[in-house]
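**Q** A predicted structure for the sequence below; I have some questions about it.
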Amino acid sequence: MKTEQKNIVIDRLHSLRYAFKGFIYLLRTENAIKVHACSTVLLTSLGIFVQLNITEWMFQFLALGLVISVEALNTSIEKIADFVQPNFDKKIGTIKDISAGAVLFSGLFGAIIIGLIYIPKIIQYYS
């Protein structure tokens, strides 16, 4: 019996299509992702205005990407939990709380990174 040979490039392109489908779904349906996307646009604009150096850009995009990625994973966990148990369940609630806590955790550290980048620039601007 002959096995079907798959083209790795074609497979990756199909995977990329599914990833973009998920990305668009998140942007259209999830308010938290919309807020994070707006924050990314705002901070990118601010970074251009204050002329961030390459290291500051790197840390800013790492922080923003981490927060958005964790938020997307949180959404996935919540959707799976709701599918598995549509009715209220204390254990599912705990799982969802932990997932939301991960978003909070990444957001707090993201805010610290953004603060470390911009607070010195604000102090320098006003002094």
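**A** Thanks, I have it. Residues are numbered from 1 along each chain as shown.
**Q** going forward, measure contacts between C-alpha atoms and count neighbours the same way
**A** Noted.
**Q** How much space separates I48 from V35?
**A** 20 Å (CA to CA, to the nearest Å).
**Q** got it, and S69?
**A** Going from S69 to V35 by CA to CA gives 13 Å.
**Q** shouldn't I68 be in contact with I33?
**A** Yes: if you go by CA atoms under 8 Å, I68 and I33 touch, sitting 6.6 Å apart.
**Q** In the chain, where's the longest helix?
**A** The helix that spans the most residues within the chain, counting by DSSP state H, is helix 90-126.
**Q** tally of neighbours for Q51?
**A** 11 (other CA atoms under 10 Å).
**Q** again with A63
**A** Using other CA under 10 Å, A63 has 22 other residues around it.
**Q** ok, for E56, nearest residue in space, not its chain neighbours?
**A** Nearest residue to E56 in three dimensions, chain neighbours excluded: I117, at 6.4 Å (CA to CA, 6 or more residues apart in numbering).
**Q** Okay, that neighbour and M58: tell me how far apart.
**A** 11 Å.
**Q** Which helix or which strand is home to the spatially closest residue to I114 that is not a sequence neighbour?
**A** Of all residues not flanking I114 in the chain, Q60 sits nearest, at 6.3 Å (CA to CA, 6+ apart). Element membership of Q60 [criterion: DSSP states H and E] is helix 54-84.
**Q** what packs against that helix?
**A** helix 31-50, helix 90-126 (3 or more CA pairs under 8 Å, 6 or more residues apart in numbering; DSSP states H and E).
**Q** Could you dump these into CSV with mean pLDDT added?
**A** Formatted as CSV, those follow (pLDDT from 0 to 100):
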stretch, mean pLDDT
helix 31-50, 97
helix 90-126, 97
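**Q** Rebuild these as CSV, extending it with mean neighbour count.
**A** As requested, these are exported to CSV (neighbours: other CA atoms under 10 Å):
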stretch, mean neighbour count
helix 31-50, 14
helix 90-126, 15
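**Q** Show me the residue at the heart of the protein, geometrically.
**A** The centroid of the chain falls nearest to I68 when counting by CA atoms, centre = their mean (1.1 Å).
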